[in-house]
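A.B. asks: For reference, the sequence and a predicted model appear below.
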Amino acid sequence: MHDFACVVLVDRRGRLLMQERDEHPVIDPEKWGLCGGHLEPGEDPLTGAVRELEEETGVVLAPEHLELVEQLQVFHEGYGTWDQMTFYAAGVDLDDPDITCTEGRQIVFVDPDRVLDLDLTGSARTVLPGFLEGPIYRRLSA
């Protein structure tokens, strides 16, 4: 089993920051997913989420700005394992030019009505429908 932490940023218009993966990842290549990744040995999910967000986007947020959405088990076909994923969200006053894409093809804010039409990773397909209908998203996008 592997441990992952993922973050979705919600901008002031309710758009979600999504990453278009390239052909290189073992897990869900060439699909749209959340920023995040593997936890380092001994790293707690919140610390890993903050680190992964900064590494992949250049966005630096204090841990207290991330809100736990849920923890769940996700099957990763590329590994053939059920893995632990911790999913966080945060509201931001950012736009696409504020994001530095250091991994994947692009990382951009996507309108909420288009997100579920993307070719999503397994984990994004699992968590985003409930997130978009839930109280955390409603509050962050208000």
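C.D. replies: Yep, that arrived.

A.B. asks: Show me the helices in this protein, by range?
C.D. replies: 45-57, 112-115, 122-133, 135-140 (DSSP state H).

A.B. asks: There's contact between G36 and L17 in this structure, I believe.
C.D. replies: No: the pair G36 / L17 is not scored as a contact, 11.0 Å apart, by Cβ atoms under 8 Å. Any C-beta I mention is one placed from the backbone N, CA and C, and that applies to glycine too.

A.B. asks: what bits of the chain have low per-residue confidence?
C.D. replies: Across the chain, nothing is flagged by pLDDT under 70.

A.B. asks: In space, what's closest to the spatially most central residue of the chain - neighbours in sequence excluded?
C.D. replies: Note on the chain: the residue nearest the mean C-alpha position is L34, at 2.5 Å, using Cα atoms, centre = their mean. Nearest non-adjacent residue to L34, counting by Cβ to Cβ, 6 or more residues apart in numbering: C6, 4.0 Å away.

A.B. asks: check contacts around L9.
C.D. replies: 16-17, 35, 53, 59, 89-92, 94, 109 (Cβ atoms under 8 Å, 6 or more residues apart in numbering).

A.B. asks: that older thread, okay, the helices of the chain in TSV with distance to M1 and mean neighbour count next?
C.D. replies: As requested, the helices of the chain are arranged in TSV below (distance: least, Cβ to Cβ, whole Å; neighbours: other Cβ atoms under 10 Å):
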stretch	distance to M1	mean neighbour count
helix 45-57	14	20
helix 112-115	28	14
helix 122-133	14	19
helix 135-140	26	15
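
A.B. asks: Nearest to H76, out of the ones you listed?
C.D. replies: helix 122-133 (6.9 Å; Cβ to Cβ).

A.B. asks: Quick one: list the elements packing against that closest one.
C.D. replies: The contact analysis (3 or more Cβ pairs under 8 Å, 6 or more residues apart in numbering; DSSP states H and E) places helix 122-133 against strand 3-10, strand 32-33, strand 67-76, strand 81-91, helix 112-115.

A.B. asks: would you turn the ones you listed into CSV with distance to A142?
C.D. replies: Supplementary listing: these in CSV, determined by distance: least, Cβ to Cβ, whole Å:
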stretch, distance to A142
strand 3-10, 10
strand 32-33, 25
strand 67-76, 14
strand 81-91, 9
helix 112-115, 13
